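>>> after the sequence you'll find the predicted model.
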Amino acid sequence: MSSPSVSDYTVVRSKAKAFYDRYERKDELQHQTHYCPGCGHGIIHKMLASAIDELGIQNRTILISPVGCSVVAYYYFEVGNVQAAHGRAPAVGTAIKRSHPGSIVVSYQGDGDLSAIGSAEILHAANRGENIPAIFVNNAVYSMTGGQAAPTTLLSQKSTTTPNGRSAATEGYPLRVSELLATLEAPVYIARVGLGDNKQIAQADRAIRRAVENQVRGLGFSLVEVQSPCPTIWKMSAVDAQKWVRDVMQKTYPLGVLRDHTAEAQPRCAPEPPPLLDRIPEILGTEGGEASHISISRGKESITVNGWPSENNVNLWVEPEASRAKPTAFSAADLRIRMAGFEGQGVLLAGEVLAEAGLDAGLEVSWLPSYGPEMRSGTSNCHIRLSHESIDSPLVTSPNMLLAMNEPSLKKFAASVQPGGWILYNGDAIPDDCKRDDVHALAFPFTQVGYKLVEPRVANMVLLGTLFEITGVLPQACVDRALRRLVKQARWLEIDEQALARGRELYRESSEGVMP
């Protein structure tokens, strides 16, 4: 009787197509696996990859793996892979799914990640019923960082931060995430499974497939909690760790399906697709804005910034070489502004006016507000960028224009202004410890000007008018339209318009527009 050949056998299971053919590792680690021997991640990976294969969704799948032992999942899954900050996978997954509704997005998280720093993200994603499944790997400890206690650590369980065992009096009780989420109305499927023996592994396989399939069907949020062994951190053999899952963990975390509405759930309505780019001006109310050509004049010279319609020129006056020690730091192509003051001084509104006017003028714009936690008299500042080119970051750490509404703001940000830049200060004089000989500085009691205009709170607009006169970057028509969109009351609109005009006059009246 001849020996059986390979052709005599039927292949029942093989390596999933959703896996890479070869798992890459660092040169010095070619002989090692990423996961410890006996770790449950390898089994769970295989279940997820098989579900992807069976559902035929490999080319549509995006796997989100945040910080934790599974951070290396992208070495294994030949799908779209996105790394997320610690605990933020549900938030990142929500953004991807909403922006690409046809994709299949899977959040793959450990218990330290999901139930601790990421507890808010998973709670609210589940409460919104986001159409994503979360694979929640629970080994009751922070494994990657050395075995600290996690929210899921069992009572009396020892860890590096609970060497005498977890105590309810000091560390609280184990957090039952699945039960918590099952109280919400939106989730369609929540199950807890284990890897304690072959029967449990088979049940886990079915649960993971169900969760992924729910997304394919568009039914909503699913979560599968998988009780997983961690022999290394638990200091057990692989066999004992598996038994511990089966015999100990499940006393605290009973297995079962806690929510299953898949039979009656209806496909969720897909979100509206994002608008086409050419509709953005219409949506923002800036349609018909003046995309302005900007030229920089130096005496009788004129330097043109390319790429702008030539019929709408705006001049940015730069002092002749003889009248200035340093060249100006800002140009029409990149205006970086930091405006700061107390809350209530209109700092954020002024920044909005700048940003809206910039949009109207066809510029690339960013506006980033920042304010303190105080209800009153706290600090407030904002970053504004106006540029002809794409903006790489909204942060303005080295402004070429600082608008300081009070002395604390001046002291805080004056040193950050670029050489050749401008400081506009709401005060009688620049304090000695803020004076610089490499910047242009204008100190003026803008609040007092506001008093003369009946309303001291318009000092922000007076200051803004001075900025407009100095830079000349934005056409007045764009500023007027932005102001009308942001200021709804006719009385305030009139006062703000007067304040802007007065700010322009102040600069023209100051040494014929040449500042010290």
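Received the coordinates, thanks.

>>> low-scoring stretches of this structure, by residue?
1-2, 4-6, 26-29, 271, 286-333, 372-378, 511-516 (pLDDT under 70).

>>> report the central residue of it.
The chain has residue 92 as the residue nearest its centroid, 8.5 Å off, counting by C-alpha atoms, centre = their mean.

>>> would you check that that one makes contact with residue 84?
Yes: between residue 92 and residue 84 there is a contact under C-beta atoms under 8 Å: 4.3 Å. No exception for glycine: its C-beta is placed from N, CA and C like everyone else's.

>>> what do these two both touch?
Common contacts of residue 92 and residue 84 (C-beta atoms under 8 Å, 6 or more residues apart in numbering): 64, 66.

>>> those strands in the stretch 251-400 of the chain, which residues are they?
All strands of the stretch 251-400 of the chain, identified by DSSP state E, counting those that start in this stretch, fall at 256-260, 293-298, 301-304, 313-317, 334-342, 364-371, 379-387.

>>> contacts only, for residue 79.
Under the criterion of C-beta under 8 Å, 6+ apart, the neighbours of residue 79 are 18, 52, 58, 61-63.

>>> phi, psi for it please.
Per-residue torsions, residue 79: phi -140, psi -180 (degrees, to the nearest 10).

>>> skip the chain neighbours and tell me the closest residue to it.
residue 61 (4.1 Å; C-beta to C-beta, 6 or more residues apart in numbering).

>>> then residue 445?
Take residue 445 and drop its neighbours on the chain: the residue closest to it by C-beta to C-beta, 6+ apart is residue 428, 5.7 Å away.

>>> swap in residue 411?
Excluding the flanking residues, the one nearest residue 411 by C-beta to C-beta, 6+ apart is residue 434, at 6.1 Å.

>>> could you do residue 138 as well?
Counting by C-beta to C-beta, 6+ apart, residue 111 is the residue found nearest to residue 138 once chain neighbours are left out, at 4.3 Å.

>>> now do the helix or strand where residue 203 lies: which elements does it pack against?
Here residue 203, judged by DSSP states H and E, is contained in helix 198-216. If you count contacts as 3 or more C-beta pairs under 8 Å, 6 or more residues apart in numbering; DSSP states H and E, helix 198-216 packs onto helix 41-55, strand 104-110, strand 133-138, strand 189-194, strand 222-227.

>>> of all the ones you listed, which one is nearest residue 238?
Closest to residue 238 of those, according to C-beta to C-beta: helix 41-55, at 11.3 Å.

>>> contacts made by whatever helix or strand comes next after that closest one with the rest, please.
Remark: after helix 41-55, the chain's next helix or strand is strand 61-65, criterion DSSP H and E. Strand 61-65 has contacts (C-beta under 8 Å, 6+ apart) with 18, 52, 71-74, 77, 79-84, 89, 92-93, 96, 100, 103-109.

>>> what packs against the helix or strand following strand 61-65?
Counting by DSSP H and E, the next helix or strand C-terminal to strand 61-65 is strand 80-83. Applying 3+ C-beta pairs under 8 Å, 6+ apart, we find strand 80-83 packed against strand 61-65.

>>> thought residue 453 was touching residue 496?
No: when contacts are counted by C-beta under 8 Å, residue 453 is not listed as touching residue 496 (9.6 Å).

>>> quick one: which of the two has more around it?
In this view residue 453 and residue 496 are compared by other C-beta atoms under 10 Å, and residue 496 has more residues nearby, 28 against 18.
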